[in-house]
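Q: Following is a predicted model, sequence given first.
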Amino acid sequence: QVHLAESGGGSVQSGGSLTLSCAISGYTTPTYCVGWFRQAPGKEREAVATIDSDGDTTYEDSVKGRFTISQDNAKNTLYLQMNSLKPEDTAMYYCAATLYEYCSGSFLYWGQGTQVTVSS
């Protein structure tokens, strides 16, 4: 059974940084594509960043150059380093996993989410 658990959210001022962590159990990273998603109140969920089994990454345009997705395979943990945070980054952040090596399939497993709030 695949299980994901996020941590590291919180409240920061604009321009600040946060690092989100996602502990993954049920398989050994980097076997499958994993990613970070976010959903703000009244908005649809969007993909923030993904990383596949080869380590290739994708980023949503608004976070390019500010966010970095990475994995620590020794710890089976996914990270999202977020720098230069903006109020529009405020959302619930979720990590999710596919059961595919590459990010072309559906994300089947989801964490419970961690809240990020950025004040101006």
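A: Everything's here; your move.
Q: give me the element the residue most central in space within the chain is part of.
A: For the chain, the residue nearest the mean C-alpha position is residue 36 (2.4 Å; Cα atoms, centre = their mean). Residue 36 is part of strand 34-39, with elements assigned from DSSP states H and E.
Q: The residue nearest to the centre of the chain contacts residue 92, doesn't it?
A: No. Using Cβ atoms under 8 Å as the test, residue 36 is too far from residue 92 to be in contact (11.2 Å). (Glycine included, C-beta is placed from N, CA and C.)
Q: who does the strand holding residue 36 pair up with?
A: strand 46-51 (antiparallel), strand 91-97 (antiparallel) (DSSP bridges).
Q: now the longest one, how far from the chain's geometric center?
A: The chain centre lies 5 Å from the centre of strand 91-97; the measure is Cα atoms, centre = their mean, to the nearest Å.
Q: List the contacts of that strand.
A: Applying Cβ atoms under 8 Å, 6 or more residues apart in numbering, the contact partners of strand 91-97 are 2, 4, 6, 9, 20, 22, 24, 27, 32-40, 43, 45, 48, 78, 80, 107-116.
Q: rerun at 7 Å
A: If you take Cβ atoms under 7 Å, 6 or more residues apart in numbering as the criterion, strand 91-97 is touched by 2, 4, 6, 9, 20, 22, 24, 32, 34-40, 78, 107-111, 113-116.
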